[in-house]
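Asker: What would the 3D arrangement of this be:
(chains A and B)
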Amino acid sequence: MNIVLRLAWRNLWRHSKRTWLTIGAMVFSNTLLVFMISIQFGMYGLMIDNTLQVFSGHMQIQAPGYKDDQKMRQVVPHVVQLASNLRKELQTDTIAARGWAFALASSEERSYGIGVFGVEPVFEPRVSNIPGLIKEGRYLRDPDATEIVIGAVLARNLRVATGDELTLLGSGRDGSFSAAVVHVVGVFESGVVDIDRNFGEMPLETFQDVFYMDGAGHQVVVSAATLDEAELLQPKVVAALPGGTDLVVHDWDALQPGLRQAIQADMSSAFFMYGILVILVAFSVLNTQLMSVLERTHEFGIVMSLGLKAGRLGRLIMLETALMGIIGMIIGSITGAIFTSWFTVNGLSIPGMEEMAANFNLPARIYPEVTPWTAVAGPLVVFLFTLLASAYPALRLHRLHPVEAMRAN
Amino acid sequence: MAAVRCVDLCKTYRQGDQDIKALDHVSIEIAEGGFVCLSAPSGGGKTTLLNAIGGLDIPDSGEVWIAGRRIDQMSKGELADLRLSSIGFVFQAYNLIPVLTAQENIEFVMQIQGVPAAERRTKSLAILEEVGLAGLEGRRPAEMSGGQQQRVAVARAIVSRPALVLADEPTANLDSRTSDELMTLFTELNEHHNTTFVIATHDQRVMGYAKRLIRMLDGRIVDDIDQHAA
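Answerer: Alright, predicted model coming up:
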């Protein structure tokens, strides 16, 4: 082993308790970081999945421009057939066709403007969790029945319950007047007020009849088991689209731009907290290395008198810190990964969360996501900051004068 | 060419309210292969002069020349290079690196000089044998006597065969027998390798080994005796 490396290593253990305390601080913070980052990314996965499961799916096939300006005439032709073909070709049944229209929904007492989705009753439960959130009555059953399920807030506002009738008034695809009387067969409660207040779902065939869609719809929703699978699936969906059409495929990021922004905002606040933790550790290292430099001033005077330059001495200090940091990083990463891995199997439940999750048809436990990145990223940042912290004591050596240093005791 | 030439050196320290003249217009010239003792009572200026010659301390005025190169105007880095390549230091308190073994202490300087590992090992073992410490290469300073530590310090100072060795009270912590052995070693190195020695001491026995004795008092040279001629 190189003598300078040997010197750095042995210098570390001159005060083994102090070194272990500093390494302990690194290990603690690294373990915490691995756990927190893994939880955080697990949460993001859950957030994305849950948000996409509610309605939008992982991707949607739409007419060009429909996403930004939802006009009735911007349609996906033969939408049911297209969805059926895709299910066959991609060998998955998590694909469903939809139509969407704005309508005035009137009960005997009140009227509200709502969004009406035409859905395939058989396939909609595979791309959305709304069908599983029925609190009263049942979900849609017949593809051509004149029935509707509505949100709980809307039901309250319209003062209707299952079995009651609603009159829908709107504009058809061709701009003509559309009207229908539908029976409320179910009331869903998603927990998201906007959805519960503003939406209803009816069978797609009925929807097409009411709004003169001529077999068309507005979107084909595609869901995947995970985000990673969705990424792999998207090019296949694009490739499976019929030739000669100008249909577009939007991924979840385009469909739910607020979701990424929410994640980024959460990441910013989380990284601010991590930053504080890392800085505290860096100060601990700074303190250790400053003490170490101060108590070795005499020795540094000697080696400088022998011809060692301050820059090289500084590198020795940084090497000592790096060795300490590497130990802290390795132990911290391993401890953090092992600790967090237990939760990846058993999940983490926050008191009160299970009941809330059950209400919203969501998983009750958070499962952290331990990946090489989550296990290493935090500890690596701690390592870099500890190196940075040792720069100050290392730079102080440039002010050292050999004669004065040798006088120090 | 003189190994060491000092011209009109002055150095003043501030101690409390007083200015202490550590060097007061000192001029000396030491030839290559010289064996010189600087003798002075405590505070007489011998360590300050030694530090100025070694580039460890910069005089307030005057010139210091080592092997034809003026060093009092050199940068810190140039002085470090000069010390590394041309000057060996032996200190009163041995000043070994406590976490390194005897051999590693010697190799440390050579590693800074960029000497390859195999050569470092050969040279360090050879020099340890030369100073009478064969077999103790694996011991750390705390496991050696004062005399042994000082021998390691000497070995470290001379392993690269510097042209000039500066020693500050090298026998102050040694018994008389060990002191004699050390001075004999210095004399042999001086005679066999033509190494120039400048030794600051107030030990009469050490002075007896010197070819030339320079006495200082209050920062001034008061006596300069060629002991061979005497």
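Asker: now the strands for the chain?
Answerer: You didn't say which chain, so I picked chain A. A:59-62, A:95-106, A:111-119, A:134-137, A:147-151, A:165-171, A:177-188, A:199-203, A:219-222, A:248-251 (DSSP state E).
Asker: you looked at the wrong chain, it should be chain B
Answerer: Listed in chain order (using DSSP E), the strands of chain B are B:2-15, B:18-31, B:35-39, B:61-66, B:69-70, B:87-90, B:164-168, B:196-201, B:212-217, B:220-226.
Asker: tally of neighbours for the nearest residue to residue A:10 once chain neighbours are set aside?
Answerer: In space, and not counting its chain neighbours, residue A:10 is closest to residue B:99: 3.8 Å by C-beta to C-beta, 6 or more residues apart in numbering or on different chains. To be clear about C-beta, it is placed using only N, CA and C from the backbone, and glycine gets the same treatment. By the criterion of other C-beta atoms under 10 Å in any protein chain shown, residue B:99 has 20 neighbours.
Asker: and what of the one 4 residues further on?
Answerer: Using other C-beta under 10 Å, residue B:103 is surrounded by 22 other residues.
Asker: Residue B:32 too?
Answerer: Neighbour tally, residue B:32, other C-beta under 10 Å: 14.
Asker: Enumerate every residue touching it.
Answerer: By C-beta atoms under 8 Å, 6 or more residues apart in numbering or on different chains, residue B:32 lies in contact with B:1, B:2, B:3, B:163, B:194, B:196.
Asker: do residue A:379 as well
Answerer: Residue A:379 sits in contact with A:26, A:30, A:33, A:34, A:328, A:329, A:332, A:333, A:336, where contact means C-beta under 8 Å, 6+ apart.
Asker: and if we set it to 10 Å?
Answerer: A:26-27, A:29-31, A:33-34, A:37, A:325-326, A:328-337 (C-beta atoms under 10 Å, 6 or more residues apart in numbering or on different chains).
Asker: So which bits of stretch A:3-12 are buried?
Answerer: Neighbour-count burial for stretch A:3-12, counted by 16 or more other C-beta atoms under 10 Å in any protein chain shown, picks out A:3, A:4, A:6, A:7, A:8, A:10, A:11, A:12.
Asker: how far does that stretch sit from the chain's center?
Answerer: Chain-centre distance of stretch A:3-12: 44 Å, with C-alpha atoms, centre = their mean, to the nearest Å.
Asker: Quick one: mean pLDDT over it.
Answerer: Over the span of stretch A:3-12, the pLDDT mean works out to 85.
Asker: what's the answer for stretch A:180-189, then?
Answerer: So the average pLDDT for stretch A:180-189 ends up being 95.
Asker: how many other residues sit next to the residue of chain A found nearest chain B?
Answerer: Closest residue of chain A to chain B, C-beta to the nearest C-beta: residue A:307 (2.6 Å). Residue A:307 has 25 neighbours, counted by other C-beta under 10 Å.
Asker: now residue B:194
Answerer: There are 13 residues near residue B:194, going by other C-beta under 10 Å.
Asker: Provide the backbone phi and psi angles at it.
Answerer: Backbone torsions of residue B:194, given as degrees, to the nearest 10, read phi 60, psi 30.
Asker: and what of residue A:243?
Answerer: phi -70, psi 150.
Asker: Contact partners for it?
Answerer: Here residue A:243 is in contact with no residue (C-beta under 10 Å, 6+ apart).
Asker: Could you do residue A:266 as well?
Answerer: Counting by C-beta under 10 Å, 6+ apart, residue A:266 has contacts A:40, A:43, A:44, A:47.
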